[in-house]
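Undergrad: no sequence on hand, only this structure:
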């Protein structure tokens, strides 16, 4: 027979386990459901749970912001739900030419003459926005066929 003390202890442990599992499920599921404008390009969506960890200060050609985001890594592609959100904000992904020194973790998006490059890293991603017209022309050429 089980004693009341043992039943109470098991109940408390199951409750704690349920709370932990529910908390973990919400954290991972909510990453791709709520967005805000990026620091360097307000019209480009970034998950609200991403934390700004670094920003360019003295780069005259490129304005970049690095965001930390657990669960993201170089080996995975961007989640379809995030790509759909980017599209719903009016951005179009450009096809980039892949070479030995161009990683598959780089995505280039355009909207109304603006360019955003998104590079995925382990545990973070970087948004890069060209600051001058010459740099934008160079970035645009990545998506064009020769």
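TA: Structure received. Here the structure is a predicted model, which is why all the values come from computation and not from measurement. Residues are numbered from 1 along each chain as shown.
Undergrad: hey, what's the residue lying closest to residue 107 once chain neighbours are set aside bridged with?
TA: Spatial nearest neighbour of residue 107, excluding adjacent residues (C-beta to C-beta, 6 or more residues apart in numbering): residue 118 at 4.5 Å. Bear in mind the C-beta positions are built from the backbone N, C-alpha and C, glycine included. Beta-bridge pairing of residue 118 under DSSP bridges involves residue 107, residue 127.
Undergrad: what of residue 55?
TA: residue 65.
Undergrad: ok, it touching residue 40?
TA: Yes. Between residue 55 and residue 40 there is a contact at 7.3 Å, judged by C-beta atoms under 8 Å.
Undergrad: the bottom helix or strand of this structure by mean pLDDT?
TA: One helix or strand of the chain scores below all others by mean pLDDT, DSSP states H and E: helix 133-140, with a mean of 49.
Undergrad: more crowded one of residue 55 and residue 40?
TA: residue 40 (19 against 14; other C-beta atoms under 10 Å).
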